[in-house]
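*Asks:* pasted the sequence and its predicted model underneath.
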Amino acid sequence: MMYEKEFLLNEINKIRDEIGHDNVNIFIEKIYFNENTNELWIITEDRPDKSAIIGKGGWVVGKLRKKLGLESIHVESYGDFLNKEYKLKLSKKTVNNLNLDLVGLENLEKTIENKLENIYSFNFDTYFNENQFEESENVEAVVALSGGVDSSFSLILAKKLGFNPIAITVDPGTIILPKQFKNNIKLLTESLNIKHEYINADYSQVIKESFTGKLHPCGRCSKNTGEIAKKYAKDNKIPIIIFGDMLATGSQCINLQEDSLYRLNLPASLSVGKQEIKSLIKNYDLKTFKGFGCPLLYEVHKKFPYMKKFSIQRILRETRSGALEPGEALDLIWSFYK
């Protein structure tokens, strides 16, 4: 079925009227429909138009999806896509300039090109169903796997892009790595047939200092994990460490750490948003967890409520980068006060 602008605008305005929303003029730039996945993309001229189609609490777009019998509706602003397109071009240039003879990076560059060519309607499920990449004979990457959505997504991508990855998990104890995350790790690595190792680490000093109220634990944990992953990669002569970072986009998506060791922020290299991540990992029956951070962070918030502002800053940083939608960010921030 083809969807015309006039038809969609009429349906949107009917729904807005039904639920008591104000009558506003809405401008749509482009419409894309994928018959295979039964997904609709609505590209608006600007963010206010996007907000009007989504509606308060997502009511408008939710009712529209149900009324049209669609699997999902993606509403994005044209300006956001211009920004995404620019970041992807920088990523492509950066990866290409490395001149590294690695299967995974070659396939990553092809994927960036494909996303640029299909900027409005790129879908990871469809893309990987149509493109089966051969895997490198050698292990080209170690993936830092926490069991959360971002690192799980990174491992799936690394496998499908042919990096022939090994996954490692730094285990400082259940106050930082709870059992439910370990369940996700086991499920995912077995499903993908990927070698996985736990690395026990002593984070007692980080925990002790966190309960003095003098530092936010996330930065210190991230730094420690990065150093441990770097050492593992160097000891095993693996050229790339992959992280689930979504902030270091464009020219900063991959950088030289030391000698011939590179850090690749895989989701950032493809300018991925949270919804794209959720869409791909749902195929692996992983459990998702509400809220932000680990049990240690929750305890720090309880004891030192002022530390919440530093967690909020981290959420806002992801929102400014486009990795998080404002509504998702508000939900995370609100979770600190329930």
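*Replies:* Cool, the structure landed. Residues are numbered from 1 along each chain as shown.
*Asks:* alpha carbons only for contacts and neighbour counts from here, please
*Replies:* Noted.
*Asks:* distance check, Ile166 against Ala141.
*Replies:* Distance, Ile166 to Ala141, using Cα to Cα, to the nearest Å: 7 Å.
*Asks:* the more surrounded of these two?
*Replies:* Higher neighbour count among Ile166 and Ala141: Ala141, with 28 against 24, using other Cα atoms under 10 Å.
*Asks:* correct me if wrong: the more buried one contacts Lys237.
*Replies:* No - applying Cα atoms under 8 Å, one finds Ala141 not in contact with Lys237, separated by 9.7 Å.
*Asks:* show me what contacts Gly62?
*Replies:* The neighbours of Gly62, taking Cα atoms under 8 Å, 6 or more residues apart in numbering as the test, are Ile54.
*Asks:* per-residue confidence averaged over the one helix or strand it maps to?
*Replies:* Gly62 belongs to helix 59-68 when elements are defined using DSSP states H and E. The average pLDDT within helix 59-68 is 92.
*Asks:* tell me which helix or strand comes right after it.
*Replies:* If you walk from helix 59-68 toward the C-terminus, the next helix or strand you reach (DSSP H and E) is strand 72-77.
*Asks:* what ranges do the strands span in the chain?
*Replies:* 28-34, 39-44, 72-77, 141-144, 166-171, 196-200, 240-243, 254-258, 261-265 (DSSP state E).
*Asks:* those: which one's closest to Lys303?
*Replies:* Of all those, the one in closest proximity to Lys303, counting by Cα to Cα, is strand 166-171 (23.8 Å).
*Asks:* quick one: strands adjacent to the closest one?
*Replies:* Each strand pairing with strand 166-171, determined using DSSP bridges, is listed with its direction: strand 141-144 (parallel), strand 196-200 (parallel).
*Asks:* and those strands, which is most packed in?
*Replies:* Neighbour counts (mean count of other Cα atoms under 10 Å) averaged over each of the strands paired with strand 166-171 peak at strand 141-144, with a mean of 27.
*Asks:* Val75 pairs with what?
*Replies:* Applying DSSP bridges to Val75 gives these bridge partners: Ile42.
*Asks:* going forward, count from 5.
*Replies:* OK, 5 is where the count begins now, so the last one is Val79.
*Asks:* confidence score at it?
*Replies:* 89.
*Asks:* isn't it up against Arg51?
*Replies:* No - counting by Cα under 8 Å, Val79 stays clear of Arg51, with 9.6 Å between them.
*Asks:* Pro243 - nearest residue in space that isn't next to it in sequence?
*Replies:* Closest residue to Pro243 in three dimensions, ignoring its sequence neighbours and counting by Cα to Cα, 6 or more residues apart in numbering: Leu265, at 4.9 Å.
*Asks:* how about Ile30?
*Replies:* Counting by Cα to Cα, 6+ apart, Asp53 is the residue found nearest to Ile30 once chain neighbours are left out, at 5.3 Å.
*Asks:* distance check, that neighbour against Val65.
*Replies:* When Asp53 is compared with Val65 (using Cα to Cα), they lie 12 Å apart.
*Asks:* okay, these two: which has more neighbours?
*Replies:* Counted by other Cα under 10 Å, Asp53 and Val65 do not tie: Val65 has more neighbours, with 24 against 20.
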